[in-house]
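> here is the input, now give the coordinates:
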Amino acid sequence: MKAMRAIRAEISLALRAGAIAAAALLPWAASPSVAQEWRGWNIHAGDYPNGRGMDRFGELVAQRTNNRIRMRTYHSAQLGQQDEAIQQMRLGSIDFGNFNLSPFNNLAPSTNVVTLPFLFRNVAHSHAAIDGVAGEEIAKDLEAIGIIALAWYDGGARSMYTTRPVRTPADLRGMKIRVQTSDLWIDLVRALGANPTPLPFGEVFTSLQSGVIDGAENNFPSYESTRHFEVARFYSTTEHSNVPEVLAVSRQRWQRLNEAERNILRDAARESATFQRQLWAEREQVSRQRVIAGGATVIEITDRTPWSQLMEPVYAKYAATPRLAGMVQAIRALP
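Okay, here's the model as predicted:
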């Protein structure tokens with residue numbers, strides 16, 4: 001009888017060991033739970049490159065977790081304007097989102113660097129910076145305020161668009177230009193001699209239409225998709241900024257994931273960023289042609305030196321610490 005009990009005990013131990021080993025091979029078996037429904041924020045329409053990139057992100061995550069993590073993106077700022085959504089992300093009531101980095105300028109110091117005017121030579125230079133040294137520093141600062149950066153979307157070259165022609169900085173003097181809620185953007189526009197006017201993005205059209213503002217600044221796809229070209233007919237290619245955008249998740253949600261889930265999210269986010277950047281390049285060309293066909297005048301700024309020379313006070317203020325100055329130097333040194 002003792003021998004039989006010993007044999008049964010050995011069999012029981014072997015079965016438990018086998019179950020543990022099998023569980024180790026399955027990332028979900030170690031911590032089973034019900035399906036998760038995630039809410040995502042996006043300021044743009046669903047067919048915009050960013051919206052399609054976010055939808056691709058959600059599809060990849062659902063596939064690779066066997067629908068255990070299901071993501072729904074609420075496009076067109078359905079969950080609030082950008083500043084509100086950032087706060088909701090920090091609190092954990094929004095699970096993921098795609099944000100321009102400018103609204104983080106007052107919260108995460110390193111985001112000021114990639115917002116600095118005339119820093120990037122071209123799109124490839126911007127991608128190299130944000131995928132490398134700049135992105136690493138920004139991710140640290142975002143995590144400190146409750147947001148986990150997963151990948152970087154293309155935000156496009158931003159230029160001025162106005163209700164009357166602008167060819168030189170002198171043409172901007174006294175004009176009321178909409179800016180994002182950021183001290184850096186306010187100082188940038190002020191350095192050009194214009195009057196910065198912070199407004200939510202959703203209020204720009206009516207503010208241009210009513211004369212509350214005389215202009216704004218953004219990329220071709222935003223200028224076109226919002227139909228701002230109907231009320232601000234002149235687009236001057238200052239290309240003063242090429243601020244990247246972040247695809248991120250709430251730190252509160254991130255902390256509840258295991259390492260296998262985190263890896264899936266990271267990989268899916270990077271793949272969605274590659275997809276978004278391809279769409280963005282195509283959309284820029286299409287949007288440019290659409291606004292011209294719609295009656296807008298594109299004013300080509302070929303010499304940006306008079307513009308960039310006015311930015312010295314902005315650099316002195318926002319890249320003053322050794323850390324931020326070092327980021328600027330490292331970005332400029334990139335091939």
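> next one: the helix or strand containing Glu312 to chain centre, how far?
Secondary structure assignment for Glu312, by DSSP states H and E: helix 312-318. On the basis of CA atoms, centre = their mean, to the nearest Å, helix 312-318 sits 23 Å off its chain's mean C-alpha point.
> what helices and strands are in contact with that helix?
helix 111-115, helix 183-191 (3 or more CB pairs under 8 Å, 6 or more residues apart in numbering; DSSP states H and E). C-beta coordinates here come from the backbone N, C-alpha and C atoms, glycine included.
> residues in contact with the next helix-or-strand element following the first one: which ones?
If I follow you right, that is helix 111-115. Using DSSP H and E, the helix or strand that follows helix 111-115 towards the C-terminus is helix 123-130. By CB atoms under 8 Å, 6 or more residues apart in numbering, the surrounding residues in contact with helix 123-130 are 114, 120, 135, 138, 152, 154, 157, 242, 244, 277, 281, 331, 334-335.
> now do the next helix or strand after helix 123-130: which elements does it pack against?
Per DSSP H and E, helix 123-130 leads on to helix 133-144 as the next helix or strand towards the C-terminus. Contact here means 3+ CB pairs under 8 Å, 6+ apart; on that basis helix 133-144 packs against helix 111-115, strand 147-153, strand 245-250, helix 322-332.
> mind listing what's buried along the second one?
Residues of strand 147-153 classed as buried: 147-153 (neighbour count, 16 or more other CB atoms under 10 Å).
> coming back round to it: tabulate the helices and strands packed on helix 312-318 (JSON lines), appending distance to Pro322 and mean pLDDT.
Output for the helices and strands packed on helix 312-318, formatted as JSON lines (distance: least, CB to CB, whole Å; pLDDT from 0 to 100):
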{"stretch": "helix 111-115", "distance to Pro322": "13", "mean pLDDT": "95"}
{"stretch": "helix 183-191", "distance to Pro322": "19", "mean pLDDT": "95"}
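> among those helices, which is the most enclosed?
Sort these by mean neighbour count, taking mean count of other CB atoms under 10 Å, and helix 111-115 sits at the top with a mean of 26.
> just the buried residues out of the contacts of helix 123-130, in PyMOL syntax.
In PyMOL, a selection of the buried entries from the contacts of helix 123-130 looks like this (16+ other CB under 10 Å):
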select buried, resi 114+120+135+138+152+154+157+242+244+277+331
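> closest to Glu203 among the contacts of helix 123-130?
Ala157 (23.3 Å; CB to CB).
> pretty sure the closest one contacts Asn219?
Yes: shown here, Ala157 and Asn219 form a contact pair, counting by CB atoms under 8 Å, at 6.1 Å.
> any idea how many residues pack against Leu91?
If you count neighbours by other CB atoms under 10 Å, Leu91 ends up with 11.
> try Arg290
For Arg290, using other CB under 10 Å, the count is 17.
> quick check: it is in a helix.
Yes: assessed by DSSP: H, G, I helix; E, B strand; the rest coil, Arg290 belongs to a helix.
> ok, now which ones touch it?
Neighbour list for Arg290: Glu224 [criterion: CB under 8 Å, 6+ apart].
> give me the pLDDT value at it.
On pLDDT, Arg290 comes in at 98.
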